[in-house]
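> kindly generate the corresponding structure for this input.
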Amino acid sequence: MEITQNIKQKTKNFQFLILSCLLILAVLVPWWPLAVAAVAFATLSGNFLFALFFALAVDILWGEPTNALRFLYFPLAVFTLLLAVSRALAWKYFFDRRLPRKL
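Residues are numbered from 1 along each chain as shown. This is a model prediction of the structure:
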């Protein structure tokens with residue numbers, strides 16, 4: 001039991017380290033694939049609100065897009081919400097099923 005908790009804690013620490021590095025790089029280097037990767041990693045690891053606030057902050061910081069995404073005023077926030085819904089549905093579909101004990 002203690003070993004399992006230790007592994008889970010190390011995994012959470014590693015996720016936090018990667019996420020914080022990605023977020024710092026996404027703010028310092030204005031390269032949109034890096035910001036998308038940071039938001040996707042934060043959302044898919046379960047930090048929905050943090051990812052949403054970060055996506056809104058980056059969208060406000062960078063301003064409105066000018067290309068095909070100009071109709072989406074906050075494209076990273078929309079992407080975060082879509083990922084959060086897809087993660088919730090996938091989690092429910094794959095991990096929350098009640099399988100029968102006998103075939």
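
> can you tell me the centre-most residue of the protein?
Thr43 (1.9 Å; CA atoms, centre = their mean).

> from Gly63, how far off is it?
According to CB to CB, to the nearest Å, Thr43 and Gly63 sit 22 Å apart. C-betas here are computed from N, CA, C, even on glycine.

> go on, Ala77?
With CB to CB as the criterion, Ala77 and Gly63 are 14 Å apart.

> out of the two, which sits in the busier spot?
Higher neighbour count among Ala77 and Gly63: Ala77, with 21 against 8, using other CB atoms under 10 Å.

> need the pLDDT of the more buried one.
For Ala77, the model assigns a pLDDT of 87.

> which SSE is the residue nearest to it when sequence neighbours are not counted in?
Of all residues not flanking Ala77 in the chain, Ala55 sits nearest, at 4.5 Å (CB to CB, 6 or more residues apart in numbering). Following DSSP states H and E, one finds Ala55 within helix 48-62.

> who touches whichever helix or strand comes after that helix?
Next along the chain after helix 48-62, taking DSSP H and E as the criterion, comes helix 75-95. Under the criterion CB atoms under 8 Å, 6 or more residues apart in numbering, residues 35-36, 39-40, 43-44, 46, 48, 51-52, 55-56, 58-59, 65, 69, 72 lie in contact with helix 75-95.

> at 7 Å instead, please
35-36, 39-40, 43-44, 48, 51-52, 55-56, 58-59, 65, 69, 72 (CB atoms under 7 Å, 6 or more residues apart in numbering).
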